[in-house]
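Asks: using only what follows, build the 3D model:
(4 chains)
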There are 2 protein chains.
Amino acid sequence: MALEHAILVSLDERSGSGYELAQRFEKSIGFFWAATHQQIYRTLKRMVELGWVSCHEVAQDGRPDKKVYEVAEAGREELARWLASPGEPETIRHDLSVKIRGASLGDAKALTGEVARHRDLHAERLDVYLAIEKKDFPDPSALSGRRLHQYLVLRGGIRAEQALVEWCDEVLAAMREDDRR
Amino acid sequence: MALEHAILVSLDERSGSGYELAQRFEKSIGFFWAATHQQIYRTLKRMVELGWVSCHEVAQDGRPDKKVYEVAEAGREELARWLASPGEPETIRHDLSVKIRGASLGDAKALTGEVARHRDLHAERLDVYLAIEKKDFPDPSALSGRRLHQYLVLRGGIRAEQALVEWCDEVLAAMREDDRR
DNA sequence: GCTACCTATGCAACTTGTTGCACTGCACCC
DNA sequence: GGGTGCAGTGCAACAAGTTGCATAGGTAGC
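Replies: Alright, predicted model coming up:
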C-alpha cells in the first residue's frame, strides 16, 4: 500500500496533524493520491504502532487540541526501502471508457453529455495545474532537488489532463459525426 | 461500482462463462477496467441474484462443465440507467508520482531506474495498443456504432500511454540533468 | 510416469476504501 | 438566537479488492 508512503512523504515535507494532512491531500498530494480523512486517521494510528511516525498532542486556544505527527527514523528507513523497490503500474479503472464501450446500449445523447461534462472537469483541473505551474515554477530550468521533484509530478498531472481533454474532444467529434449519419 | 457494468457490457458483446470473462478482462476490457477471476465469479453470482444476468450450465467433453451467462432484460435496463447517470472522474492513485515526490529522501539512482522501468512498461503497452489499432481499425473514418466506440476507447488508451511515456522521458532527462550538477 | 500448464469454479481470510454519523467548541453573519 | 462553516478526532458498518488455497480432469512434452 502506498497511502502510508504518501503520508511519510508529506510529513517529511512538513510535520502536521491528521486534519492538516487531510487538507493537503485535498489540494496537493491528492492530485496523485486520493485519501479521505478517515483513511488518514486510521493509517496514522497504525503508523504510530509501527514506529514510523511519532505523535505529540498540542493544546491550542480557541480550538480543539491536535495531534502533531512527524516522521521517525524507522519511517525514513521504510520510505527509502519502498522508494527503491519496484512497483507495478497502476491498475486502471476508467468508468467513462466502460460507458463509451457500452454506448450503443443506452441513450447516445445522454452519453455525449456525460463525455462533455468530463471534458470540462478535466479542463478545469488542467487550468488549476497550469496556474500552479505558472505561479510556483516560473523558471523550471533553475529547479533542483525537492522543488524539481514537485515540479515533475505536477508536469505529470498536466500531461495526463491534457491527454484526457484531447481524448474527450476526439470522442465528442466522432460521436457527433456518427450521429449525423 | 462499475465492475458489474463492465461485465454487462462485455456479456452484451458476447455471452460467456466467468472464466472467459476473466480472459477478456486480461486482454481487452482489462485495459481500462482491471478485475481478477475472483472478483468476476463473485460479482456474477450477485448479478444472478439481482436478475441482471441469466445462467445455464453447459456440459463439455474433455473439460469441466461451465456456466454461461447472458444479459437479462433487467441487466439491460440497469446498464441504460447507469450509462445516463453522471459519474465522478476516477480517484487517482499514482504510485510513481508519490515516489518521485519523495525522491530526495532515498537513493536517486534507484529511483531513476524505477522511472525507466515504468517508461518501458508503458512503451510496451503503447505498442500493443498501436498494433491493435493498425490491425483492427485500419480505416477509422468508416467506423460507426459499436465498432466506433471500441475504437474510441482504444484511442483513450493510446493517448494515456503516450502521455505517460513522454512524461517518464521528461522526468528522466530532468533528473539526470540535476544529477550532473 | 512425472511435471507443467490449461480449463473451470469457488471458499476463506485479509486489507483497503467509503459512507454516515457523533462530539466539541469557536467565529461569523443575519 | 439560529444557522452555517471551520477546526479537530474518531467509531462502526459496509463495500470492494487481493491473496492463497482447493478441487478436478485433460492435454502435452520429456
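Asks: who in chain A is up against DNA strand D?
Replies: Taking C-beta under 7 Å from any atom of the strand, the part of chain A that reaches DNA strand D is made up of A:17-20, A:23, A:37-38, A:41-42, A:44-45, A:60, A:63-67, A:91, A:93. All C-beta atoms are positioned from the backbone trio N, CA, C, and that covers glycine.
Asks: now, of these, which are buried?
Replies: Among those, those classed as buried by 16 or more other C-beta atoms under 10 Å in any protein chain shown are A:17-18, A:20, A:44, A:66-67, A:93.
Asks: pull the most distant pair out of those residues.
Replies: Taking C-beta to C-beta as the measure, those span a maximum distance of 34.6 Å, between A:K66 and A:R93.
Asks: briefly note if the helix or strand hosting A:T43 comes near DNA strand C.
Replies: Assigned by DSSP states H and E, A:T43 belongs to helix A:37-50. Yes. Under the criterion of C-beta under 7 Å from any atom of the strand, DNA strand C is reached by helix A:37-50 at A:38-39.
Asks: check which helices and strands the helix or strand following that helix sits against.
Replies: Downstream of helix A:37-50, the first helix or strand assigned by DSSP H and E is strand A:53-58. Helices and strands touching strand A:53-58, as assessed by 3 or more C-beta pairs under 8 Å, 6 or more residues apart in numbering or on different chains; DSSP states H and E, comprise helix A:3-13, helix A:37-50, strand A:66-71.
Asks: can you count the residues close to the nearest residue to A:S15 once chain neighbours are set aside?
Replies: The spatial neighbour of A:S15 that comes closest, neighbours along the chain excluded (C-beta to C-beta, 6 or more residues apart in numbering or on different chains), is A:E70 at 3.9 Å. Neighbours of A:E70 under the rule other C-beta atoms under 10 Å in any protein chain shown: 14.
Asks: list the residues that contact A:E70.
Replies: A:11, A:15, A:53-54 (C-beta atoms under 8 Å, 6 or more residues apart in numbering or on different chains).
Asks: for A:P138, which three-state class applies?
Replies: Recorded secondary structure, A:P138: coil (DSSP: H, G, I helix; E, B strand; the rest coil).
Asks: what angle sits between the helix holding A:T43 and strand A:53-58?
Replies: Helix A:37-50 runs at 110 degrees relative to strand A:53-58, counting by axes from the mean of the first three to the mean of the last three C-alpha atoms, to 10 degrees.
Asks: report all helices and strands that helix A:37-50 contacts.
Replies: Checking 3+ C-beta pairs under 8 Å, 6+ apart, helix A:37-50 ends up next to helix A:3-13, helix A:18-27, strand A:53-58, strand A:66-71, helix A:73-84.
Asks: report the angle between that helix and strand A:66-71.
Replies: 60 degrees.
Asks: about what we covered before: could the helices and strands packed on helix A:37-50 go into a markdown table alongside distance to A:W33 and mean pLDDT?
Replies: Converted to a markdown table, those look like this (distance: least, C-beta to C-beta, whole Å; pLDDT from 0 to 100):
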| stretch | distance to A:W33 | mean pLDDT |
| --- | --- | --- |
| helix A:3-13 | 4 | 96 |
| helix A:18-27 | 7 | 93 |
| strand A:53-58 | 17 | 91 |
| strand A:66-71 | 17 | 94 |
| helix A:73-84 | 13 | 94 |
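Asks: quick check: which of the ones you listed is buried the most?
Replies: helix A:3-13 (a mean of 23; mean count of other C-beta atoms under 10 Å in any protein chain shown).
Asks: got a list of contacts for that one?
Replies: Under C-beta under 8 Å, 6+ apart, the answer for helix A:3-13 is A:16, A:21, A:24-25, A:29, A:33, A:35, A:39-40, A:43-44, A:46-47, A:52-53, A:69-71, A:75-76, A:78-79, A:82, A:146, B:98-99, B:101-102, B:105.
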